[in-house]
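Student: here is a sequence with its predicted model. Questions after.
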Amino acid sequence: LLVIIYTSFLETRGPVFGSAFSLMSYQTVFLTVGRAVTNSLTFSALALVLIAMAGALIGYLLARRDTAVTRALDALIMIPYVIPGTVLGIGFITAFNAPPLHLTGTVAIIVLAYFIRRLPYMVRAVSSIVYQVDRSVEEASVNLGAPPLRTFQKIMLPLMAPGLVAGATLAFVEVINELSATVVLYTASTVTLPIATYSQVIGGAYGTAAAVASLLVLITAFALLLFNLLGGREDRMSL
C-alpha cells in the first residue's frame, strides 16, 4: 500500500519511473477519470441502499422463521457469493440482453450485480444480531397492543442497527473495489475506479494507475472511518 502511494508521486513516462517527485499522475487522474469517481460513488451508494433494505428484511426473516422455504432462501442468497464475478457477469449479460429486461450496458445491471454479490454480508450481519434478541421482547410489545410492523420499526430496527452498520461497512468496501464482475459489464459511460486502475495498468501508465489506486484507497479509508463512527454511535444508543 505504501509503495503504491509512494509510486503515485513519482515522475513517470509511461512504464518508466523517474527519481523526481511530481503531481503529474494526479493531474492526469483528475483530467481523465472524473467520471470513474462519480460512477463508483453513485453505483456503490445505490447498491448499498438496496443491500441495506433487503438485507434487513431477509436477515430478520431467516433468524425468526426456520422453515424449508427460509432455508432454501438462505442457500440461494449465498450462491452469488461463491460464484466468480466474471461468471456472474457473463450470466447477467446472457439473462438481460433482450427485452423485456434489456439491461446490458446500463447502470442498472452493474448496480444489480453489486447488490446480488454483496447481499450476503448484510444478511449474515443482521441475522446474527436478531438471533441474540429473545423473541419475548417482540411478544411483549405485541401483547401491549403495538402492531407487528410498529414493533419491528421501534424495537427491532434499533437493536439491529449495529448489524446494519457492520454489514454496510463490509458491503461498501467490497462494492467500491469490485472488479471481476464490473470488467464484464461496464461500458465507456459506466467506468469505475477499479476499471480505471486496470485500464491504466494494461496501457502501461503505471504512475497514473498508482494515483487512481491511491484515490480508491483514500475513499475506502474515509468510508471505513465514517462507518466506524456510526457503529460506535449505534452501540452507545443500544446500551
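Tutor: Yep, it's here. Numbering: from 1, shown residues only.
Student: mind checking pLDDT for R236?
Tutor: R236 carries a pLDDT score of 55 in this model.
Student: and what of V111?
Tutor: Reported pLDDT for V111: 96.
Student: and if you look at the one 4 residues further on?
Tutor: Confidence per residue is given as pLDDT, and for F115 that number is 96.
Student: likewise for V217?
Tutor: What the model reports as pLDDT for V217 is 90.
Student: grab the nearest non-local neighbour of it.
Tutor: In space, not counting the residues next to it along the chain, V217 is nearest to L1; the distance is 6.6 Å by Cβ to Cβ, 6 or more residues apart in numbering. Placement of C-beta: from N, CA and C, glycine included.
Student: so who does L10 touch?
Tutor: For L10, the contact set (Cβ atoms under 8 Å, 6 or more residues apart in numbering) comprises F17, G18, S19, A20, F21, S22, S25, G207.
Student: tell me the buried residues in stretch 147-159?
Tutor: Within stretch 147-159, the residues that count as buried by 16 or more other Cβ atoms under 10 Å are T151, F152, I155, M156.
Student: oops, could you answer that again for stretch 162-179 instead?
Tutor: Neighbour-count burial for stretch 162-179 flags 162-173, 175-179 (criterion: 16+ other Cβ under 10 Å).
Student: in terms of secondary structure, what does the strand or helix carrying R35 contact?
Tutor: Element membership of R35, judged by DSSP states H and E, is helix 34-64. Packing partners of helix 34-64 (3 or more Cβ pairs under 8 Å, 6 or more residues apart in numbering; DSSP states H and E): helix 68-82, helix 107-132, helix 157-176, helix 193-202, helix 206-238.
Student: and the average pLDDT for stretch 20-30 is what?
Tutor: Averaged across stretch 20-30, the pLDDT comes to 83.
Student: name the surrounding residues that touch that stretch.
Tutor: Against stretch 20-30 from outside (Cβ under 8 Å, 6+ apart): S8, F9, L10, E11, T12, A205, G207, T208, A210, A211, V212, L215.
Student: residues contacting the last one?
Tutor: Meaning L215. So L215 contacts V29, V37, L193 (Cβ under 8 Å, 6+ apart).
Student: likewise the second one?
Tutor: For F9, the contacting residues are F21, S22, L23, S25, by Cβ under 8 Å, 6+ apart.
Student: dihedrals phi and psi, it?
Tutor: Note on F9: its backbone torsions stand at phi -100, psi 0 [degrees, to the nearest 10].
Student: same check, this time on the third one
Tutor: Recorded main-chain torsions at L10 are phi -90, psi 150, according to degrees, to the nearest 10.
Student: quick check: bridge partners of it?
Tutor: Beta bridges link L10 to F21 when assigned by DSSP bridges.
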